[in-house]
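**Student:** missing the sequence, but the structure's below:
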């Protein structure tokens, strides 16, 4: 390159004045057209924590619907409220009570119950007097003493031969229960017989209103008879 060419190029560069306003205008047009010129991108799915939250909400919804369905199947009262189960009756929660029907005589069998007059403020004896006008081929006598506080057995006895009976005493359902059962092959003769249960109790004059007895037997013919009653206090 000769000196004349270099001089001409330098002169041209020095003489050049760029059009600033035109350049800015082109830049602004390019920026305005950039979004439309870009390739559109597919929308991204929800963020991971949003997807988890959505799944949790769906599960809760299913559980709520399921619980409502079960409740509806179980029974509803009017107005959409769930009907409450009825409370158990008193007889269902207090266990065995007094003899349901007083019967002191049945066929040849008669019986009576009373607290022995020799009972005191700490100890008592309850007597079951049994009378039969016919021989009995089986007999079970049960005496129930209500647990009114401190009731515990001190023994029992019967006027009939001891070897003819199986005897027991145990706590059961809020009672001290005495039971005498005639052994197979033995017979209860005609006459008046006594069965007695003895027990301690809390200090004081113990009421016998909750006590009762039952007796069931079989006549020689095989017919079943039974009696039962509550107690009266004689002291």
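**Tutor:** Everything's here; your move. Since this is a predicted model, take the numbers as computed values, not measurements.
**Student:** Poorly predicted segments of this structure, please.
**Tutor:** Along the chain, the model assigns pLDDT under 70 to residues 1-6, 8-100, 232-235.
**Student:** can you list the domains in the protein?
**Tutor:** Domains of the chain are assigned by automatic domain parsing as 48-75, 105-230.
**Student:** could those go into a markdown table alongside mean neighbour count and distance to residue 7?
**Tutor:** Heads up, the C-betas are built off the backbone N, CA and C, glycines and all. A markdown table is the format used below for those (neighbours: other Cβ atoms under 10 Å; distance: least, Cβ to Cβ, whole Å):
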| stretch | mean neighbour count | distance to residue 7 |
| --- | --- | --- |
| domain 48-75 | 10 | 69 |
| domain 105-230 | 17 | 132 |
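**Student:** all strands of the protein, in order?
**Tutor:** Under the criterion DSSP state E, strands of the chain are mapped to 105-106, 109-115, 123-132, 136-146, 152-158, 165-172, 175-182, 191-200, 212-219, 224-230.
**Student:** Out of these, which is closest to residue 206?
**Tutor:** Nearest of the strands of the chain to residue 206, taken as Cβ to Cβ: strand 123-132 at 6.1 Å.
**Student:** Might you report the residue contacts of the nearest residue to residue 227 once chain neighbours are set aside?
**Tutor:** Take residue 227 and drop its neighbours on the chain: the residue closest to it by Cβ to Cβ, 6 or more residues apart in numbering is residue 111, 4.4 Å away. Residues near residue 111 by Cβ atoms under 8 Å, 6 or more residues apart in numbering: 104, 105, 128, 129, 130, 131, 213, 215, 227, 228, 229.
**Student:** From residue 140, how far out is residue 166?
**Tutor:** Residue 166 sits 10 Å away from residue 140, going by Cβ to Cβ, to the nearest Å.
**Student:** Now list whatever residues contact both of those two.
**Tutor:** By Cβ under 8 Å, 6+ apart, residue 166 and residue 140 have these common neighbours: 180, 181.
**Student:** if we can go back for a sec, got the contacts of residue 111 as JSON lines, with distance to residue 144 columns?
**Tutor:** Converted to JSON lines, those look like this (distance: Cβ to Cβ, whole Å):
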{"residue": "104", "distance to residue 144": "16"}
{"residue": "105", "distance to residue 144": "20"}
{"residue": "128", "distance to residue 144": "11"}
{"residue": "129", "distance to residue 144": "16"}
{"residue": "130", "distance to residue 144": "16"}
{"residue": "131", "distance to residue 144": "21"}
{"residue": "213", "distance to residue 144": "7"}
{"residue": "215", "distance to residue 144": "12"}
{"residue": "227", "distance to residue 144": "14"}
{"residue": "228", "distance to residue 144": "10"}
{"residue": "229", "distance to residue 144": "12"}
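**Student:** for these, which one is nearest residue 181?
**Tutor:** Proximity of the contacts of residue 111 to residue 181 (Cβ to Cβ) peaks at residue 215, which lies at 11.0 Å.
**Student:** And that closest one, how far from residue 229?
**Tutor:** From residue 215 over to residue 229 the distance is 10 Å, taken as Cβ to Cβ.
**Student:** and the closest residue in space to residue 229 that isn't next to it in sequence, what is it in contact with?
**Tutor:** Using Cβ to Cβ, 6+ apart and skipping the chain neighbours, the partner closest in space to residue 229 is residue 102 (4.8 Å). The contact partners of residue 102, by Cβ under 8 Å, 6+ apart, come to 228, 229, 230.
**Student:** now the closest residue to the last one other than its chain neighbours, which residues is it bridged with?
**Tutor:** Right, residue 230. Distances taken as Cβ to Cβ, 6+ apart place residue 212 nearest to residue 230, at 4.6 Å, with adjacent residues excluded. Beta-bridge partners for residue 212, by DSSP bridges, are residue 144, residue 230.
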